[in-house]
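J.: Structure, please.
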Amino acid sequence: MNNTIHYEPFLVGLSYVISVFGSYAGPAARDRDPAGTQLGAVIGSVIGAAVAVGGGAIWSMHFIAMNAADLGIPVVYDPFLTFLSLAFGILAPAVGLFIVGPQRRRAVQPALGRSADRGWASRLMHYTGMAAMIMPAKISYDPTLFWAANVIAIVAATVALWLAFNLRGNLQRFGSAFVMGIAVCGMHYTGMYALKLEPTKEVIANTGIALSPANLAYSVFGVTAVILTLLLAYSAWKSQRTLSANL
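T.: Have a look, this model is predicted:
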């Protein structure tokens, strides 16, 4: 049967804020990538950007938004599937950013076609996270909204890849982060609106991550915000050191 999902407005707002923060931090970290061919430096900047975008803008937004939703039934989270969804979220942008390296900026346009794969990977993250929910209900999805969410995911992945290689100014990145946050949130909440729950009488063993939804959301927000702040601080320090060395 169709379910009505009620959301905690403040947590919905936090999900958008962390998505904007991660969307800004990702391209900022990638922009500090040296133009040379040092593989270690390239890998380091890719990992930093992927953690910011995949772990911050996408996965953390997803998990906070999940805990903002009141499904009307108790929910706990399977730890393995929860962290597997985080791994999928980080891996997708990492692969895309590494394939289109800084020495191949002119190849960005052909590479945008690969963003479809990144979009599907982000949906894999979303549905793995959904599968991590342990609750007395069976899950199904409205087909139209399911595909609409997938289209939004591909568009968001395309935007993320384009932003990573085309925006350099802080003001430009700041503005684009707000747009990217809307795209990521649109992807998630469309997917959630497609959700259908069929309650069962199954007794669920409390063996998963069972903090209150608010505490889970605040914990993820806090940890992610600290990591993103450290990434930005390191990126700025590295940029300043490079500038000083070139003087």
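
J.: Only C-alpha atoms from now on, for both contacts and neighbour counts.
T.: OK.

J.: ranges for the helices of this protein?
T.: 9-31, 39-50, 61-68, 79-99, 108-111, 115-131, 143-166, 170-193, 213-246 (DSSP state H).

J.: and the angle from the longest one to helix 61-68?
T.: Our comparison of helix 213-246 with helix 61-68, counting by axes from the mean of the first three to the mean of the last three CA atoms, to 10 degrees, yields an angle of 160 degrees.

J.: tell me the mean pLDDT over helix 213-246?
T.: The average pLDDT for helix 213-246 rounds to 84.

J.: 250 is where my numbering starts, stick with that
T.: Happy to do that; since the first residue is 250 now, the last one works out to helix 462-495.

J.: buried sites along that helix?
T.: 462, 465-466, 469-470, 473-474, 476-477, 480-481, 484, 487-488 (16 or more other CA atoms under 10 Å).

J.: cool, and the fourth one?
T.: By neighbour count with 16+ other CA under 10 Å, helix 328-348 contains the buried residues 330-332, 334-346.

J.: Now do that helix and helix 258-280, the angle between them.
T.: Going by the same axes, to 10 degrees, helix 328-348 makes 40 degrees with helix 258-280.

J.: least trustworthy helix or strand in this protein by mean pLDDT?
T.: Using mean pLDDT, DSSP states H and E, helix 357-360 stands out as the lowest-scoring helix or strand of the chain, at a mean of 46.

J.: any low-confidence regions in this protein?
T.: 250-252, 279-291, 345-370, 406, 409-418, 452-460, 491-496 (pLDDT under 70).

J.: separation between Ala432 and Ala443?
T.: Note on Ala432: its distance to Ala443, by CA to CA, to the nearest Å, is 17 Å.

J.: Over to Ser468?
T.: 27 Å.

J.: who wins for proximity to Glu451 among the helices of the chain?
T.: helix 364-380 (16.4 Å; CA to CA).

J.: Any buried residues in stretch 314-331, and which?
T.: Across stretch 314-331, burial judged by 16+ other CA under 10 Å covers 314-318, 320, 324-327, 330-331.

J.: for stretch 439-451, same thing?
T.: 439-446.

J.: And the contacts of that stretch?
T.: Stretch 439-451 has contacts (CA atoms under 8 Å, 6 or more residues apart in numbering) with 250-252, 254, 385-395, 397-398.

J.: quick check, distance from stretch 383-396 to the centre of its chain.
T.: Stretch 383-396 sits 20 Å away from the centroid of its parent chain (CA atoms, centre = their mean, to the nearest Å).

J.: do stretch 438-451 as well
T.: The answer for stretch 438-451 is 21 Å, by CA atoms, centre = their mean.
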